[in-house]
Structures are given as C-alpha cells and as structure tokens.
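Chemist: my questions are about this predicted structure, shown below with the sequence.
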Amino acid sequence: MASQEKQLLDSGIAAFRKGETDNAQEIFRKFLREFPASDLADNAVYNLAKIELKKGNEQKALEWYEYLLENYADSDAAYFGKDEYVELSRSMGKGPTEIADECYFKGKKLFHEGKFDEAQAEFNRLIQEYPNCEYVDNAHYQLALICKKRGDKEGVEKHVNIIMSQYAETDAALYAQGLLANS
C-alpha cells in the first residue's frame, strides 16, 4: 500500500517538474482524497501550495501553507513551508514584520561584529517579545557570553542559572556549563 502512495506522489512531483501544473495539481488532490492519513500527505499539501504560487494564486497558496502548518506541523514539509509561508504573508502585507529567528540572528551578527551593547539589546528584546520561541535559551547563552567578554561574572552566572533551571535539557545548557567552568 505504501508503494502505491509513493508512486502517486512521485507521479505528481514528476508532472510538476515537467511544468504540467494542472496535471500535478489533480494528482496531489487525488492523493489527499485517497490517502488523507498517509505519512506522505504533508508533501502533497506542500506541493499544492507551490503549484498555486507558480500559478500566481497567492491567496490559495497561503491557504495551503496554513493547512500544512496546522495539520502537519512536525513534518519535514512544514519545516520548509514555514519560512515560505512567512515570506508570502509578508509580500501580501499579511505577515509579521519580523519573526523571532530574525531577531536572534540579528543579535548574533551584532555580537560577531563586536557591537555588544546592540547585541545585548537585541537578545533582551527577543526574550521579552518572543518568550516562547525556540531561541530563548540561546539568547540567554549569548547574553552570558557578552557578560563574560565584559568580565561580568555575576551576569554570566545569572544567565547560566536561567539556562540551567529553565532550559536544562537544551544544547545551550551544555555550552553554558563550560562558561562557568572557565570564568
């Protein structure tokens, strides 16, 4: 049965690659009708979004991306579709002007440029404005690094303690332990 699903999905992908968007669209829709609970359904949804985008139907593409993110949030297709969804939303004037990822990476860039005050402000802003994002532990780690560069042992300890108490299972916790050891 799984090979039937894969064959159908692959035929849709092949049609899409050949530029046969109407045919590919029908194949992916058929896939979702016949195999709605398939592990490959997220790929069909993702490709339907891409087809609508290629056809210039931005609103329909946005709807497919939303469906993907709501129904297959932990899938590989959603991982790729998330950024595309945000960019499409922005281009349509509907999306956020910024996402937490951008805030974090802006802070990292400032840190690497030696602009510690600005980096510190950016990481603190991320913690305040996006308290549930996946980068909060890393933001605290970056703040600990800034404190270390400034010789602020109390600041290092403060941020390491936050990481160890609230984010003990993260990679940042592993890195943070080394900061205290080398203070």
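Modeler: Cool, got the structure.

Chemist: care to break the chain down by domain?
Modeler: 2-91, 100-181 (automatic domain parsing).

Chemist: reformat those as a markdown table; add mean neighbour count and mean pLDDT.
Modeler: For every residue, glycine as well, the C-beta is placed using N, CA and C. Listed next are the domains of the chain as a markdown table, based on neighbours: other CB atoms under 10 Å; pLDDT from 0 to 100:
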| stretch | mean neighbour count | mean pLDDT |
| --- | --- | --- |
| domain 2-91 | 16 | 92 |
| domain 100-181 | 17 | 91 |
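
Chemist: residue furthest from the geometric center of this structure?
Modeler: residue 151 (33.9 Å; CA atoms, centre = their mean).

Chemist: and what about that residue, helix, strand or coil?
Modeler: coil (DSSP: H, G, I helix; E, B strand; the rest coil).

Chemist: which ones are touching the residue nearest to residue 49 when sequence neighbours are not counted?
Modeler: The shortest distance from residue 49 to any non-neighbouring residue, by CB to CB, 6 or more residues apart in numbering, is to residue 64 (3.6 Å). Contact analysis of residue 64 by CB atoms under 8 Å, 6 or more residues apart in numbering lists 45, 46, 48, 49, 52.

Chemist: same thing but 6 Å
Modeler: Residue 64 makes contact with 45, 48, 49 under the criterion CB atoms under 6 Å, 6 or more residues apart in numbering.

Chemist: got the contact list for the first one?
Modeler: Contact partners of residue 45, counting by CB under 6 Å, 6+ apart, are 64, 67, 68.

Chemist: I'd like the distance between the second one and residue 32.
Modeler: Counting by CB to CB, to the nearest Å, the gap between residue 67 and residue 32 amounts to 10 Å.

Chemist: picking that back up, so which of the contacts of residue 64 are in helices?
Modeler: 45, 48, 49 (DSSP state H).
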